[in-house]
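Asker: got a structure for you, letters missing:
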Ligand code: SAM
Ligand code: SF4
């Protein structure tokens, strides 16, 4: 079947256009953030994970079906060997508008400039606290100083609109929300606050007790900043506000308090080659099996992706007051 038989866009049963793919290129990480991983994680054996060539083929299939934006994530994407070459090849794909990355920042002191040269457009860098001891407590193995150097390296490499991602937990870092916004303003960055999502079983805190809502964060910020709703909200899960008198935008990703599923435009590819149709449901298609059963057969792969849109669920099922129904951790999910 010629590839022209396929639709120019991926559209699900609810009429949502899927033009954004998030790819997890590794489940491994140099950090062990308390909300993301257990302390002693078992990582996937090599044979189970997609090769870089397989990831590239899958990316190509999605781009041929109208995907305009790809986010590379993990685990920590920048610890995967050979990732720069993969990024360069994906960035050069015809039809792709934006290749972006979510990273913990630890490798940016050396990789920021090569990433820019490879064609990566924007970076999201995770940073939950400005306190070195708290940073160590949250990430278990991370070093705040290294991440700060990474942020400076990214700015020096010429990345614009760098966004900080901060997961806010009551009792751990909730009193830092104003400090984090001030840090973003001082450094010309944007920032998004994320409500913790119940992915995998975590031991160090009770998720219901640690829940700190978007509305609570907004109330805290209102004491120090004037937040003006942005008109350019793009239909993604983040709702953005401009901090009056600054270039900084503040976003809120609120799966619990403000459901964002109605405008969902994204799917996720795990490093095992499973296409997840929704962050908060297990509906998935094993694209690695398709790829390995039909090597080099792009139309079969494209058909599997088109068919997968039929099982994309209408909305997620998160409930922080119950044990997680989703047993995969965020590092497996490609957050
Ligand atoms: N390692 C990279 C990083 O930390 O930016 C990329 C992968 S990480 C899984 C992507 C984002 O997911 C990070 O901003 C992280 O803070 C967030 N995250 C991890 N576990 C989460 C959870 N249970 N709920 C909400 N966000 C989570
Ligand atoms: Fe690693 Fe990112 Fe998960 Fe932290 S949130 S453990 S940095 S993958």
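Answerer: Sure thing, it's come through. Quantities reported herein were computed from a predicted structural model and do not represent experimental measurements. Ligands and ions are numbered 1, 2, ... in the order given.
Asker: hmm, residue 66 is touching residue 20, no?
Answerer: No. Counting by C-beta atoms under 8 Å, residue 66 stays clear of residue 20, with 10.3 Å between them. For the C-beta atoms, the positions are set from N, CA and C on the backbone; glycine is no exception.
Asker: so which of the two has more stuff around it?
Answerer: residue 20 (21 against 16; other C-beta atoms under 10 Å).
Asker: right, and that one touches residue 265 too?
Answerer: Yes. Between residue 20 and residue 265 a contact is recorded at 5.0 Å, counting by C-beta under 8 Å.
Asker: all helices of the stretch 151-300 of the chain, in order?
Answerer: Counting by DSSP state H, counting those that start in this stretch, one finds helices in the stretch 151-300 of the chain at the ranges 177-186, 207-210, 214-222, 287-293, 298-308.
Asker: could I get the ones you listed as CSV with mean pLDDT and mean neighbour count?
Answerer: Conversion of the helices of the stretch 151-300 of the chain to CSV gives the following (pLDDT from 0 to 100; neighbours: other C-beta atoms under 10 Å):
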stretch, mean pLDDT, mean neighbour count
helix 177-186, 98, 19
helix 207-210, 73, 16
helix 214-222, 94, 16
helix 287-293, 97, 18
helix 298-308, 97, 18
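Asker: quick one, which of these is nearest to residue 278?
Answerer: helix 298-308 (11.3 Å; C-beta to C-beta).
Asker: and the closest one, what does it pack against?
Answerer: helix 52-64, strand 284-286, helix 287-293 (3 or more C-beta pairs under 8 Å, 6 or more residues apart in numbering; DSSP states H and E).
Asker: which one, of those, ends up nearest to ligand 1?
Answerer: With C-beta to the nearest ligand atom as the criterion, ligand 1 lies closest to helix 52-64 of the helices and strands packed on helix 298-308, at 15.6 Å.
Asker: what is whatever helix or strand comes next after that closest one packed up against?
Answerer: Next along the chain after helix 52-64, taking DSSP states H and E as the criterion, comes strand 69-73. Counting contacts by 3+ C-beta pairs under 8 Å, 6+ apart, strand 69-73 is packed against strand 20-24, helix 52-64, helix 83-91, strand 98-103.
Asker: before we move on, the earlier item: any chance of the helices and strands packed on helix 298-308 in a markdown table, with distance to residue 136 too?
Answerer: Shown next, in a markdown table, are the helices and strands packed on helix 298-308 (distance: least, C-beta to C-beta, whole Å):
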| stretch | distance to residue 136 |
| --- | --- |
| helix 52-64 | 32 |
| strand 284-286 | 35 |
| helix 287-293 | 36 |
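Asker: where do the strands sit along the stretch 201-335 of the chain?
Answerer: 227-229, 238-243, 249-253, 266-269, 274-276, 284-286 (DSSP state E, counting those that start in this stretch).
Asker: of all the ones you listed, which one comes closest to ligand 1?
Answerer: Nearest of those (C-beta to the nearest ligand atom): strand 249-253, 7.9 Å.
Asker: in the closest one, what's buried?
Answerer: Of all the residues in strand 249-253, those buried under the rule 16 or more other C-beta atoms under 10 Å are 249, 250, 251, 252, 253.
Asker: which non-adjacent residue is nearest the second one?
Answerer: Okay, so that is residue 250. Of all residues not flanking residue 250 in the chain, residue 241 sits nearest, at 5.0 Å (C-beta to C-beta, 6 or more residues apart in numbering).
Asker: you'd agree that neighbour is up against residue 231?
Answerer: No. Assessed by C-beta under 8 Å, residue 241 is found out of contact with residue 231, at 10.9 Å.
Asker: quick one, which of those two is more surrounded?
Answerer: residue 241 (19 against 7).
Asker: how much space between that one and ligand 2?
Answerer: 24 Å (C-beta to the nearest ligand atom, to the nearest Å).
Asker: ok so, going back, so can I have CSV of the strands of the stretch 201-335 of the chain showing mean pLDDT?
Answerer: Output for those, formatted as CSV (pLDDT from 0 to 100):
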stretch, mean pLDDT
strand 227-229, 94
strand 238-243, 90
strand 249-253, 92
strand 266-269, 94
strand 274-276, 95
strand 284-286, 94
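Asker: could you dump the ones you listed to JSON lines with distance to residue 42?
Answerer: Shown next, in JSON lines, are the strands of the stretch 201-335 of the chain (distance: least, C-beta to C-beta, whole Å):
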{"stretch": "strand 227-229", "distance to residue 42": "42"}
{"stretch": "strand 238-243", "distance to residue 42": "32"}
{"stretch": "strand 249-253", "distance to residue 42": "28"}
{"stretch": "strand 266-269", "distance to residue 42": "21"}
{"stretch": "strand 274-276", "distance to residue 42": "17"}
{"stretch": "strand 284-286", "distance to residue 42": "20"}
